[in-house]
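**Student:** Starting from these lines, generate the structure:
(one chain, ligands or ions: 1)
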Amino acid sequence: MRVLVVTAVAAERDAVTAAFPHTPQEAALPGGAVLHRTAGFDVLAAGVGPAAAAAGTATALTAAALAGEPYGLAVSAGIGGGFVPGAPLGALVVAERIVAADLGAESPEGFLTVTELGFGRDAHRPDTDLVRAVAAAAGALPGDVLTVSTVTGSAARAAELTARHPRALAEAMEGFGVAEAAAAHGTRVLELRAVSNAVGPRDRAAWRIGDALAALTAAFRALPAALVPAGSLEGTQ
Ligand SMILES: O=C(O)c1cccc(C(=O)CC[C@H]2O[C@@H](n3cnc4c(=O)[nH]cnc43)[C@H](O)[C@@H]2O)c1
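**Tutor:** Predicted structure coming up:
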């Protein structure tokens, strides 16, 4: 089975495909997005945010299903903000839970999750064995990864998220969208983030994007070893 990897931007997509020896083959999806296919992994730069991620993931999963070659796993991957001190710059984080951290409602008593409001779910829990295998193979830290629509830019917001999600190691903007689309197809999901910046007061000059992209490439070099025993790469080359 093949693996679908969904990133936000092209630089992240290219960091993933750089892990593999062959030049990726390009394949157009309905609607015009382009998959980069290599060594059992199809990588899609679907855009920034959960809506773009869900739309791109659903399109790729549907196209594969209609072609009679469904994916065995969808992976949300890219750079992300790390909560200090648990996830320093350059660290890799694999999601134990993929959490929609700002999907819900404010109330005088505090934030209400979409689950508390009675609609759908506010978190997906990837397969525990798969998470453990990826953590061991790639040297990734297991913890919660938050999906937010607005990048955290203040100490107060970082503290609020940490109080609400004490197991959070990273935040990014796409994981929950990928996970919702994967769940709709009955496809397993993972989220893998390389930490480019600390979650907190905005300081774009301090982002270490190059180091994080290099960590992402290293993680995907290690990933096949973790996925073969789990059956996600059987029958691929
Ligand atoms: O400017 C560049 O060269 C560049 C190269 C690769 C990626 C980027 C991005 O800006 C990616 C945006 C993407 O990154 C995630 N992200 C990173 N840090 C955070 C954060 O602190 N909070 C939330 N999201 C973060 C996010 O998933 C964005 O989609 C630029």
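
**Student:** which parts of this structure sit against the ligand?
**Tutor:** 8-9, 11-12, 48, 78-81, 148, 151-152, 171-174, 196-197, 199, 209 (C-beta under 6 Å from any ligand atom). Just so you know, the C-beta spots here come from the backbone N, C-alpha and C atoms, and that holds for glycine as well.

**Student:** Just give the closest residue to the residue of the chain found nearest the ligand, not the sequence neighbours.
**Tutor:** Ranked by C-beta to the nearest ligand atom, the top residue of the chain for proximity to the ligand is G81, at 2.3 Å. Nearest non-adjacent residue to G81, counting by C-beta to C-beta, 6 or more residues apart in numbering: V199, 4.0 Å away.

**Student:** and what of A15?
**Tutor:** The shortest distance from A15 to any non-neighbouring residue, by C-beta to C-beta, 6+ apart, is to L213 (4.0 Å).

**Student:** who's in contact with that neighbour?
**Tutor:** Contacts for L213 (C-beta atoms under 8 Å, 6 or more residues apart in numbering) come out as 11-12, 15, 79, 194.

**Student:** Any buried residues in the host helix or strand of it, and which?
**Tutor:** Following DSSP states H and E, one finds L213 within helix 209-227. Neighbour-count burial for helix 209-227, counted by 16 or more other C-beta atoms under 10 Å, picks out 212-213, 215-220, 222-224, 226-227.

**Student:** So, low pLDDT: which residues of the chain?
**Tutor:** Counting by pLDDT under 70, the low-confidence segments of the chain come to 229-237.

**Student:** Need the nearest residue in space to the residue nearest the centre of it, chain neighbours excluded.
**Tutor:** Note on the chain: the residue nearest the mean C-alpha position is S76, at 2.6 Å, using C-alpha atoms, centre = their mean. Sequence neighbours aside, V178 is the residue nearest to S76 in space, at 3.8 Å (criterion: C-beta to C-beta, 6+ apart).

**Student:** Can you tell me the SS state at that neighbour?
**Tutor:** The three-state label given to V178 by DSSP: H, G, I helix; E, B strand; the rest coil is helix.

**Student:** That'll do, ta.
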